[in-house]
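J.: Sequence and predicted structure are below.
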Amino acid sequence: MSNSEDPRKRWRLRTRQVRGGLARTGMHETSEALFLTSGFVYGSPLEAEQSFDGTLNRMVYSRFSNPTVAMFEERLAAIEGAEACRATASGMAAVHAALMCQVNAGDRVVASRALFGSCQWILAELMPRFGIATEFVDGKDLAAWEAALSRPAKAVFVETPANPTLELIDLAAVADLAHRAGASLVVDNVFATPVFQSPLALGADVVVYSATKHIDGQGRCLGGAVLGSHAFCSDVLGPYLRNTGPVLSPFNAWVLLKGLETLDLRVERAAATAERIAGFLEGRPEVRRVLYPGLASHPQHDLARRQMRGYGTVMAFELEGGKKAAYDLLGGLATIDISNNLGDSKSLICHPWTTTHQRIPPAEKIAMGIGEGMLRLSVGLEDVDDLIEDLASAFGR
Ligand SMILES: *Cc1c(COP(=O)(O)O)cnc(C)c1O
């Protein structure tokens, strides 16, 4: 390796998390600068003209680009190993834009059935309004994917692990089937995080994040991101975002940039705690089953070992006593908070049936694998023994 080569190209993950995308101003600040500005000024009308026609490579308006947002995008792309990244105001703005920017009336989209409530709404309610046919398959079933993708499709959307059932999709196999059907594979990688799963390396075309979750990881702000090739981000997604405007605020981008610096430390610690809690829950007589990809009892544990580097910070568990038992357990907790958010430094628990997935008809919830006695636990950064004691005492009440 020659000394003249840019060392940034060789940086390992931890260095990319801290230094990726850093662009210092003439003030030589250590930390990333926060450019809380909507616009930019020009020294002359010619400079303005050339900024708009592309002769000059400079920023013109924060709906198009902003220096702090650009640092966040570059850093996340470096971490993910993606050619390009576009930030959005929320995870749902990212999912919406990643899908809608590439479909036309008459197109067909195939998705896994177990999805985050709002992702399911976009596919089941919104897209059909614009003449886009959507078909849902059991994401665990490769034969179902094969059947659905034996006809041409424009895009495939999956979440793996899925919220809240922790079901997995075989990304390499589905990417192959999607490509043969002419579709691009879009993966919602929120539960795995960039730390534990790299969908692009497994054949996916586009990755989306709710940066609200582990990327901020401290419950402060909403954000989202779409990652993919230069061509997709500039020519397909870029114009869609630029003209519809679901942009990330520079302030939130700054918070998320600082979140990225500690991403692997936080996620790995929470995942180690989650593994211990999953084992604890599995040993409780009140618990019918625990869904966590790191458990040998998870029906797709082998797939998890193959395509993930770790098993994440979120689990679901089903109580023997149904909704009443779930409510009693929630009512007995003193440390873990009841909240529908996830990926926070604080451990959060919710009852998907009546909250995140309330709007979905009961029969569909059952088909998705969500029961009335199911709870979803997002493990945070507290001491593992305090969390286990909290659960144990809530069971005892
Ligand atoms: C939270 C979440 C989203 C939506 O993200 P927001 O930032 O809340 O808009 C999408 N997908 C998954 C899997 C999520 O957990």
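T.: Great, that's in hand. Numbering: from 1, shown residues only.

J.: interface residues of the stretch 1-150 of the chain facing the ligand?
T.: 90, 91, 92, 95, 116, 119 (CB under 6 Å from any ligand atom). For the C-beta atoms, the positions are set from N, CA and C on the backbone; glycine is no exception.

J.: Can you select the buried ones from those residues in PyMOL?
T.: Buried subset of these, written as a PyMOL selection, criterion 16 or more other CB atoms under 10 Å:
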select buried, resi 90+91+92+95+116+119
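
J.: Can you report how many residues lie near residue 141?
T.: 13 (other CB atoms under 10 Å).

J.: mind giving me the domain ranges of the chain?
T.: Residue ranges for the domains of the chain, per automatic domain parsing: 7-260, 263-396.

J.: one step back: just give me the closest of the residues of the stretch 1-150 of the chain next to the ligand to the ligand.
T.: For those, the minimum distance to the ligand (CB to the nearest ligand atom) is 2.2 Å, reached by residue 91.

J.: So what does the spatially closest residue to the closest one that is not a sequence neighbour have for phi and psi?
T.: Counting by CB to CB, 6 or more residues apart in numbering, residue 91 lies nearest to residue 210, which is 2.3 Å off, once chain neighbours are set aside. Per-residue torsions, residue 210: phi -90, psi 110 (degrees, to the nearest 10).

J.: Same question for the one 3 residues further on.
T.: Per-residue torsions, residue 213: phi -80, psi -120 (degrees, to the nearest 10).

J.: Distance-wise, check the closest residue to it other than its chain neighbours relative to the ligand.
T.: Distances taken as CB to CB, 6+ apart put residue 343 closest to residue 213, at 3.0 Å, once the chain neighbours are dropped. Using CB to the nearest ligand atom, to the nearest Å, residue 343 is found at 7 Å from the ligand.

J.: how about the strands of this protein, start to end?
T.: 84-88, 108-112, 133-137, 155-159, 184-188, 206-210, 224-228, 287-291, 314-319, 337-338, 348-350, 374-378 (DSSP state E).

J.: Show me what the first one is packed up against.
T.: Using 3 or more CB pairs under 8 Å, 6 or more residues apart in numbering; DSSP states H and E, the elements in contact with strand 84-88 are helix 67-80, helix 91-100, strand 224-228, helix 238-244.

J.: In this structure, where is pLDDT below threshold?
T.: Low-confidence regions of the chain, defined here as pLDDT under 70, cover residues 1-4.
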